[in-house]
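Take this sequence and fold it.
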Amino acid sequence: MSKKIAKSILTKLEKTGAKFKIIDHRQVFTAHDKAATTGFGPKQTVKSVALKIDAKEYILASVPANKNVDLNKIKNFINKTKKKDDRKLAQKIDFAKPAWVKNNLKNSEAGALLPLGLIYNLPNLFDNSLLKQKFLLLNSGSNWHSIKITPAQLEKLEGRFLFGGSFSTPRPKLKKKSGKKK
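Numbers count the residues shown, from 1 in each chain. Down below sits the predicted model:
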């Protein structure tokens, strides 16, 4: 595992002229852990996944660390868009296989998928609740670093790749163990 962000990613980010800051932290593998480690709130910490639409189409989806991706909401959004363009509607949306992610979304370690469609030439669905934050903490492709950026700069960076909408659902609360033996 690399402790560095891929040079190709940094070069692309810098070429856009968007303002961002690299945040160093201990190695983390989940957005929730990143929020706790960095002191940034889970509402600002972005969790990203790659999704497969039917047989051949892929997209990125990003939600806050305190929420889960809602595949039904994403399917409804995709089909609404496809219907406008008179294209075949999506039948199935699921998480992309880890092997596909590893082979096609280069320079992103497991648990650190860079949520930038610009880098991978993929549509990027960003939950609206993220776009309302003062700033965001994005995966950088490295489990040791994150990217701090404002939503306005993210929109400048992503341009035609970024789509906002309601793509998340609240995370279920974990039940606390009572400590009583039965």
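
Give me the phi and psi for the residue nearest to residue 26 when sequence neighbours are not counted.
In space, and not counting its chain neighbours, residue 26 is closest to residue 37: 5.8 Å by CB to CB, 6 or more residues apart in numbering. The way it works is simple: take the backbone N, C-alpha and C, and place the C-beta from them, glycine included. The phi and psi values for residue 37, taken as degrees, to the nearest 10, are phi -70, psi -40.

now swap in the one 10 residues further on and tell me
When read as degrees, to the nearest 10, the backbone of residue 47 gives phi -110, psi 130.

For the closest residue to it other than its chain neighbours, give its distance to residue 16.
Spatially, and ignoring its direct neighbours in sequence, residue 47 is nearest to residue 31 (3.7 Å; CB to CB, 6+ apart). With distances taken as CB to CB, to the nearest Å, residue 31 is found 23 Å from residue 16.

Just want to know which of those two has more residues nearby.
residue 31 (25 against 15; other CB atoms under 10 Å).

Tell me who's in contact with residue 88.
residue 82 (CB atoms under 8 Å, 6 or more residues apart in numbering).

isn't there a helix covering it?
No: going by DSSP: H, G, I helix; E, B strand; the rest coil, the assignment for residue 88 is coil, not a helix.

pLDDT wise, what is it at?
Among the per-residue scores, residue 88 holds a pLDDT of 90.
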